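# Test case, fold it:
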Amino acid sequence: MSDSPKVPQSPTVLGSPDASGAELRIADAAGAGSASEAKGASDGHAPTSTGSVLISALAAHVGRVVRLEGWLKNMRSSKKLHFLELRDGTGVVQAIVSLGDVGEALFERAGQLGQETSLRVVGEVRAHPKQPGVFEIGVSALEVIAEAHDYPISPKAHGTDFLMDHRHLWLRSSRQHAILRVRHAIIQAVRRFFDERDFTLVDAPVFTPNACEGTSTLFETDYHGQPAYLTQSGQLYMEAAAAAFGKAYCFGPTFRAEKSKTRRHLAEFWMVEPEVAFMDLDGDMQLAEDFLCFIVDHVLKTRRPELESLERDLTRLERVKAPFPRISYREAITLLQQAGKEVTFGDDFGAEDETIISEQFDRPVIVQRYPSAIKAFYMKQDPEDPALSLCMDVLAPEGYGEIIGGGQREDSLELLEQRIAEHQLPKEAFEWYLDLRRYGSFPHAGFGLGIERTVAWLCGLPHVRETIPFPRMLSRLSP
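Purely as a prediction, here's the structure:
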C-alpha cells in the first residue's frame, strides 16, 4: 500500500489535550482536498454540510484527502496496522491506521476503540488493489467523538428475543440495514407509481368512531369520553376520496388486535390503499398487477446489492412479470382438493391453502370471485352469480400468501343497506358512507397492499418482525 499524503500538522487524536487548533486545520485540509471535485458534483458526491464525505460517494474522491464521520463497526489489528471498519449509514469502508503514518500515540489510541465508538477520520481515499469498485482510507488523523464500550450486540450469535429487546441497536447491523433499505425502496416505488398515474394522496384518519365489522380485532380507546377504535383500513374513506378526485390513495399505519402469533402477523403495520372511480374488477386486477411489477422492478434496479447480501434468490423475483395467472375461487378449490386438502365451496383460505395454490405458479397469482358470505359487506356481488363477490386476492409465491386484497365496491344504495343489515351492523354508523351512494353513486374499485408482507417476500424473510423498524406483536410493545 502506498503511503498516505500528510496533512499539514502532526498526527494526533483530535479533541485530545494536545490537539489544540488541530481540528480546524484537518477540516480545512479535507475540504481543500475535495473542493475541486465537489464543484458541479451531484448525487451526493459533494461533501456534507459538515465538510465530510459520505462513504457511498468515495469513488468520486480517489486520491484525495477527505474527512469521514461514522461509527466503528469492527476492528482487526496486526503489529503495525489497525483495520477499522467504519460505517456511516450509506456504506462501510475499511480505514487503515498505520503506525508509520500516524505515530505511536495515535496508533495505540486507535487500538483501544470499542465497537460503535463514533469517529471522525481524515485520510486519503484509495482504490482497493484487488477488489474493483471497493475503496479504503489511509488514515492520517482521527477524532473520537464519543467512546462506546461493551456494546451489547457483539459479532457472536444472539437469540431472537435478545435481538428484539435491543431492536434500537439491532437496526445498525448489516442485515437489518439491508432489509430497511429494501423497505424504503418499496415505499419509494409505491409513491412514484401513484404519482406518475395522477393519483392524489388523501390521508385517512387513524381514529374511527365505530367498529365496522365487530370489535374482536380492533383496538378500542377512549376518545374524550366516547369509544373510538384504531383503524384497520382507510378504504371506506378512500371511496369518499375517489368521488372527489377520481383516483386517490392513502398510505399509513393500520392496526389489528387479533391474538395471532403467526409469522405473517403484526399488531401495527402499514397499508397502501388506492381507490379508483369508474373502475371494475378487471381494471382493479390490472392495476394490482401493474403495481406489483413496478415495485419489484424498482427494487431489483435500486437494491440488488442489499438483496444479494440477504442471499435472496433473485431469479425468483425476476420472474415477476405480467401477465399474472388469474384463477377463480372455484378453480382454487379444485387445486386444493387435487392436493389432498379437504375443502369445500364457502371455506376461506388459510396460510397453508394459499401456499399450496401459489406453489402451482412461478409468479404471483390472482384468485378472484370469492363467496359473498366470507367477504366484507361492501363488496359488490357478481350480477351473474350473487353467491360470489367481485373481489380478488393476489397471492405471492414461495409461501408468502396474500399481499393484496381488494375488489369492486357495492354501488347500489339499496343493496348496500341490505348487506349492512345482513351483517348486523349499526346502520347509523354508516350513514356518511351511504351518502356516497345517495349523491351521485358510481362504480368503483380498489385494493390494499401490506408493506411488511411485501418486504418479507422480496427479501425472502421467514418472519415479518424484521420488516418494520420497531415491530408491535402480541407479546411485544417495546422498545
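# pLDDT-wise, which helix or strand of this structure ranks last?
Within the chain, no helix or strand scores below helix 22-38, which has a mean of 36 by mean pLDDT, DSSP states H and E.
# which element follows that helix toward the C-terminus?
Following the chain from helix 22-38 toward its C-terminal end, the next helix or strand by DSSP states H and E is strand 65-77.
# So which bits of that next one are buried?
Applying a neighbour-count criterion of 16 or more other CB atoms under 10 Å, the buried positions in strand 65-77 are 65-73, 75. C-beta: built from backbone N, CA, C; applies to glycine.
# Adjacent strands (with direction) for it?
strand 81-87 (antiparallel), strand 118-127 (antiparallel) (DSSP bridges).
# how about the buried residues of strand 65-77 in JSON lines, adding distance to Gln232 and pLDDT?
Converted to JSON lines, these look like this (distance: CB to CB, whole Å; pLDDT from 0 to 100):
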{"residue": "Val65", "distance to Gln232": "56", "pLDDT": "95"}
{"residue": "Val66", "distance to Gln232": "50", "pLDDT": "95"}
{"residue": "Arg67", "distance to Gln232": "49", "pLDDT": "95"}
{"residue": "Leu68", "distance to Gln232": "46", "pLDDT": "96"}
{"residue": "Glu69", "distance to Gln232": "43", "pLDDT": "96"}
{"residue": "Gly70", "distance to Gln232": "41", "pLDDT": "96"}
{"residue": "Trp71", "distance to Gln232": "39", "pLDDT": "97"}
{"residue": "Leu72", "distance to Gln232": "44", "pLDDT": "97"}
{"residue": "Lys73", "distance to Gln232": "40", "pLDDT": "95"}
{"residue": "Met75", "distance to Gln232": "48", "pLDDT": "94"}
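# And the pLDDT for the residue nearest the centre of the chain?
With distances taken as CA atoms, centre = their mean, the residue of the chain nearest its centroid is Arg183 (1.9 Å). For Arg183, the pLDDT comes out at 98.
# and the helix or strand containing Tyr237, average pLDDT?
Element membership for Tyr237, per DSSP H and E: helix 235-245. Confidence over helix 235-245 (mean pLDDT, whole number) is 97.
# Show residues contacting whichever helix or strand comes after that helix.
Per DSSP H and E, the first helix or strand lying C-terminal to helix 235-245 is strand 247-255. Contacts of strand 247-255 from elsewhere in the structure, counted by CB atoms under 8 Å, 6 or more residues apart in numbering, are 190-191, 194, 197-204, 206, 218-219, 230-234, 237-238, 241-242, 267-277.
# hmm, which of those are the buried ones?
When burial is judged by neighbour count using 16+ other CB under 10 Å, the buried members of the contacts of strand 247-255 are 190, 194, 199, 202, 204, 218, 230-234, 237-238, 241-242, 267-277.
# sorry, back to before: among the contacts of strand 247-255, which are in helices?
In helices, judged by DSSP state H, the following of the contacts of strand 247-255 are found: 190-191, 194, 237-238, 241-242.
# where in the stretch 201-350 of the chain is pLDDT low?
Scanning the stretch 201-350 of the chain for pLDDT under 70 picks out the ranges 211-216.
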